[in-house]
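Student: Show me the folded form of this:
(chains A and B)
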Amino acid sequence: MSMTFDDGTFIRTEMVTPLPPPVRRVGAIGWMRENLFSSVLNTMLTIVGILAVLWLVPPLVRFMLIDAVWTGENREACLGPGVGACWPFIKAKFGQLIYGFYPIDQRWRPNIVFAAGLVLMVPLLVPSWPLKRLNSLLFFVAYPIIAFVLLTGGNINASAFLFERFGLVHAITGDVTVAGVNVAFWVDYVLTALLVMAVVGGLIAALGGNGRAAARAAMWVFLAFGALVLVWDIDFGLSYVETRQWGGLLVTLVIAVTGIVASLPLGILLALGRRSQMPIVRLLSVIFIEFWRGVPLITVLFFATYMLPLFLPQGTNPDALLRALVGVALFSAAYMAEVVRGGLQAISKGQYEGAMAMGLTWSQMMRLIILPQALTLVIPGIVNSFISLFKDTTLVLIVSIFDFLGQLRASFTDPNWASPVTLYTGFAFAGLVYFLFCFGMSRYSLFVERRLNTSHRH
Amino acid sequence: MSDLVEPVQGHSKGASFINDPKVRSIGLQLVALILVVVFGWMFMENARDNLAAQKIATGFGFLDNTAGFGISQTLIPYTETSTYGRAFVVGLLNTILVAVVGIFLATIIGFLVGIGRLSKNFVVRLISTTYVEVLRNLPPLFQILFWYLAVLSALPSPRDSISLFGEVFLSNRGIIIPRPLFGDGYGIVLWAIGLALLLAILFGHWAAGRQEETGRRLPVLWINLAMLIGIPLIAMIVTGFPITFERPELKGFNFAGGMRVIPEFVALTLALATYTAAFIAENVRAGIQSVSHGQTEAAHSLGLRNGPTLRLVIIPQAMRVIIPPLTSQYLNLTKNSSLAVGIGYPDLVAVFAGTSLNQTGQAIEIIAITMGVYLLLSIITAFIMNAYNKRVALVER
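Tutor: Numbering: from 1, shown residues only, chains lettered A, B, ... in the order given. Next up is the predicted model:
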């Protein structure tokens, strides 16, 4: 395939087929030379690294799977020499690790709460699924109420609201109860609501404002609060389970979810307060946020456990779990406020100006224009603070509330299962559970971040 | 057309003054202030009644009372007859000790792992990524308990302890290290160390100035190292080795002599350092990645090799991004050291908010002091950080 001219000139008409690249530059060998052995230091690092992996991974796998004991009734099964993880121990303690000392015949109640949480949460997490507004309303408002009633048994004894404190209602209605609901309380409640509506409406009208709207607003507040109390007041026939019996993963999730659900509205308010033009409101918000962010959670829990009861009227002795929940909610609200503030700051000024130019009031502007955008932006931040809250819930074991880690620690002391590997088995299992929760959530937050990150796409 | 433009009605009489934004703003702030004052007052009243009912003393006088409990690790002399005030100082010093050692370790591990995550070496990258993902996703208290219960308690008893060079002994009673004994004239050695430090700093400055002027570089590192080791060594020789080390020796079931580092301290410090290191590693990685690749290319085209490129071009720019989150990680580590109470290490919270609170019942004063200490630390850090940020901020236009 070449041409030879008379004068002997040789012209090649076709390219010679290129040789394959040297073996050392491509394929597995090339990759290894490039990535593992490109220099002396690199080679040393590779060897040390592989040795470290070999030193760590095979024993771990052997402990967790190959040498592990899978069946057994008590410690006898896990006493042999060279025995790996004692999984029957986890199986025996599983109920306690999940529910604590929640009565065994009542465990269906936490189960429903877990299932309902899952059913409501999953659609909320998938961005493309519809009905987000309804869904978040259900998850953030209805779900906590239902969960509270299911877990505690509801049927709180609401007895006196305002008038009854002066003994005004009881005398008229007597001790009538309907479905566990004290009628005297509700007569009292309705009377108080009407009184407050009249006072608020009258006051605003006297000042020249829209009295009717103010009275209506007061009515909605009373209706919402009343609905909440009513649900807790009705006797559904569920037996009362005091929070001291709760424990395990149930408590961990209750604290984490309550923390996030309570801290979201509080955090939004605080963030708005911090960005407000009003100096006193701004100052109060800044003090609140920086105070809680500046102290460790454990001191907050000590505060909630020892100091909070002193601040409440004599005789009120709030539940230990409730006190911890208050502490956790205040603490995480401060962090949430900073997350939300980041979102508010990311909204361009044009959005505010546009909303104002449309004649929207401040609350309309925030509700319809700014917050929907800002909150979408900070979903990864919210998930991240949920992760740290989830990890922080472990601290409640210090104020003797038995969360997942606390139950685990308690289960180590069971002489029935005392064996050399019990401790390691427990840590391996708990580590796996915590890791799956936190790692899963962090992956989700990365996924949302990538979805929201439209600026770098060309 | 005229029917489209209806005259505005209702506002003709002039809007009510409560619709005036200024009035509203003042009114709202007044309401907020009144609420805060009323609730604060109510809390105070309740607290006074409750304290009176429970017969709990108020005020800070208790700080002068005898504490009457022992503390397992004290950096300053402390006995059971010391006061609560002294116990507070002991706890505070223990917290600071954990924080300083933890920060030191966390910084080293964090930088190594952070750089490792960007390494070209696949194995190094894999190990670093696994480290970060695992450590970051486990609760710190879990890790502290793991180190304390699963790792340190599993060490052999003092009789079979693991010995490192015959000087340091690892056992389930903690780590035994040689105790320095200070003989006559050890002051001179300490002065010599101070002098060496001062000289090293001055020499570094002078060498940097000389390089600016002449472009010539001196082997600063080696000269400084020689000074830092040499001067104290000469002082030691001259004074006849006043600082000696008492070696721990196994006697019966325990060690005699030497210094014992309690296992609680080891577990807490290691757990906090490795946990915080995972976060520091991510900050370091983000910082290095924030320096655009063009900087590396420009440095290479100026003829700088890889080492100087990293040291002179990349790291100074990355530090600007790394340092602010790094400080907040340091602060987090300090705050997390309060988890000590979970394993009984006598830190500020365990000693003061734990034992002292239980004994005196003066919850308000004690928790206020404890929170105040942490708040003060946060505020100081925030101030230093803001000053630093102002100094290194990019000045654009």
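Student: Tell me where the model's unsure across the stretch 1-150 of chain B.
Tutor: For the stretch 1-150 of chain B, the stretches with pLDDT under 70 are B:1-16, B:18.
Student: can you pull out the helices in it?
Tutor: Here the stretch 1-150 of chain B has its helices, by DSSP state H, counting those that start in this stretch, at B:21-53, B:84-117, B:122-136, B:140-145.
Student: Toward the C-terminus, what is the element adjacent to the last one?
Tutor: Moving toward the C-terminus from helix B:140-145, the first helix or strand encountered (DSSP states H and E) is strand B:162-164.
Student: who touches that following strand?
Tutor: Contacts to strand B:162-164, defined as C-beta atoms under 8 Å, 6 or more residues apart in numbering or on different chains, come from residues B:155, B:156, B:169, B:170, B:171. No exception for glycine: its C-beta is placed from N, CA and C like everyone else's.
Student: Now distance to chain A too, for the helices of the stretch 1-150 of chain B, in a markdown table please.
Tutor: Below are the helices of the stretch 1-150 of chain B laid out as a markdown table (distance: least, C-beta to the nearest C-beta, whole Å):
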| stretch | distance to chain A |
| --- | --- |
| helix B:21-53 | 4 |
| helix B:84-117 | 9 |
| helix B:122-136 | 4 |
| helix B:140-145 | 4 |
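Student: For residue B:366, find the nearest of those helices.
Tutor: With C-beta to C-beta as the measure, helix B:84-117 is the member of those nearest residue B:366 (8.8 Å).
Student: could you say what helices and strands that closest one packs with?
Tutor: Packed against helix B:84-117 by the contact rule (3 or more C-beta pairs under 8 Å, 6 or more residues apart in numbering or on different chains; DSSP states H and E) you find helix B:122-136, helix B:263-290, helix B:315-336, helix B:348.
Student: okay, the angle between that helix and helix B:315-336?
Tutor: 140 degrees (axes from the mean of the first three to the mean of the last three C-alpha atoms, to 10 degrees).
Student: List the buried residues for helix B:84-117?
Tutor: By neighbour count on 16 or more other C-beta atoms under 10 Å in any protein chain shown, the buried set for helix B:84-117 is B:84, B:86-99, B:101-103, B:105-107, B:109-117.
Student: Which neighbouring residues are in contact with the closest residue to residue B:105 other than its chain neighbours, exactly?
Tutor: Once flanking residues are discounted, residue B:105 sits nearest to residue B:273: 3.7 Å by C-beta to C-beta, 6 or more residues apart in numbering or on different chains. Residue B:273 sits next to B:101, B:102, B:103, B:105, B:106, B:109, B:333 when contact means C-beta under 8 Å, 6+ apart.
Student: Could you measure from residue B:273 over to chain A?
Tutor: Separation of residue B:273 from chain A (C-beta to the nearest C-beta, to the nearest Å) stands at 17 Å.
Student: how far out from the middle of the chain is whichever strand or helix holds residue A:356?
Tutor: Following DSSP H and E, one finds residue A:356 within helix A:349-357. Helix A:349-357 sits 33 Å away from the centroid of its parent chain (C-alpha atoms, centre = their mean, to the nearest Å).
Student: do it and chain B meet?
Tutor: No: using C-beta under 8 Å from any C-beta of the partner chain, helix A:349-357 never reaches chain B; the gap is at least 11.5 Å.
Student: Residues contacting whichever helix or strand comes after that helix, please?
Tutor: Counting by DSSP H and E, the element after helix A:349-357 in chain order, helix or strand, is helix A:362-364. For helix A:362-364, contacts defined as C-beta under 8 Å, 6+ apart pick out residue A:355.
Student: So what's the residue count around residue 126?
Tutor: Assuming you mean chain A. 8 (other C-beta atoms under 10 Å in any protein chain shown).
Student: if you could check chain B rather than the one you did, that'd help
Tutor: Applying other C-beta under 10 Å, we find 15 residues neighbouring residue B:126.
Student: Please report the distance of it from residue B:278.
Tutor: 15 Å (C-beta to C-beta, to the nearest Å).
Student: Next: residue B:313.
Tutor: Computed as C-beta to C-beta, the residue B:313 to residue B:278 distance reads 27 Å.
Student: likewise residue A:71?
Tutor: For residue A:71 relative to residue B:278 (C-beta to C-beta), the value is 37 Å.
Student: hmm, back to that, which of the helices and strands packed on helix B:84-117 sits most buried?
Tutor: Of all the helices and strands packed on helix B:84-117, helix B:348 has the most neighbours on average by mean count of other C-beta atoms under 10 Å in any protein chain shown, namely a mean of 29.
Student: Just after that helix, pick out the following helix or strand.
Tutor: Counting by DSSP H and E, the next helix or strand C-terminal to helix B:348 is helix B:357-360.
Student: what residues does the stretch 1-150 of chain A put near chain B?
Tutor: Contacts of the stretch 1-150 of chain A with chain B, taken as C-beta under 8 Å from any C-beta, map to A:34, A:35, A:36, A:38, A:42, A:45, A:46, A:49, A:50, A:52, A:53.
Student: Mark which of these are buried, thanks.
Tutor: A:34, A:35, A:36, A:42, A:45, A:46, A:49.
Student: For the helices of the stretch 1-150 of chain B, give me JSON lines that also has distance to residue A:5.
Tutor: Listed next are the helices of the stretch 1-150 of chain B as JSON lines, based on distance: least, C-beta to C-beta, whole Å:
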{"stretch": "helix B:21-53", "distance to residue A:5": "95"}
{"stretch": "helix B:84-117", "distance to residue A:5": "62"}
{"stretch": "helix B:122-136", "distance to residue A:5": "55"}
{"stretch": "helix B:140-145", "distance to residue A:5": "82"}
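Student: so which of the ones you listed gets nearest residue A:450?
Tutor: helix B:122-136 (17.3 Å).
Student: so what secondary structure elements neighbour the closest one?
Tutor: helix A:40-61, helix A:422-452, helix B:84-117, helix B:263-290.
Student: any idea of the angle it forms with helix A:422-452?
Tutor: Angle, helix B:122-136 to helix A:422-452, by the same axes, to 10 degrees: 100 degrees.
Student: which other residues reach helix B:122-136?
Tutor: Helix B:122-136 has contacts (C-beta under 8 Å, 6+ apart) with A:35-36, A:45-46, A:49-50, A:52-53, A:435, A:438-439, A:442, B:113-114, B:116-119, B:143, B:274-275, B:277-279, B:281-282.
Student: what's the average pLDDT for the helix holding residue A:356?
Tutor: Helix A:349-357 shows a mean pLDDT of 92.
Student: How many residues are close by residue 304?
Tutor: No chain was given, so I picked chain A. Neighbours of residue A:304 using other C-beta under 10 Å come to 25.
Student: my question was about chain B
Tutor: 16.
Student: residues touching it, list them.
Tutor: Taking C-beta under 8 Å, 6+ apart, we find residue B:304 in contact with B:312, B:313.
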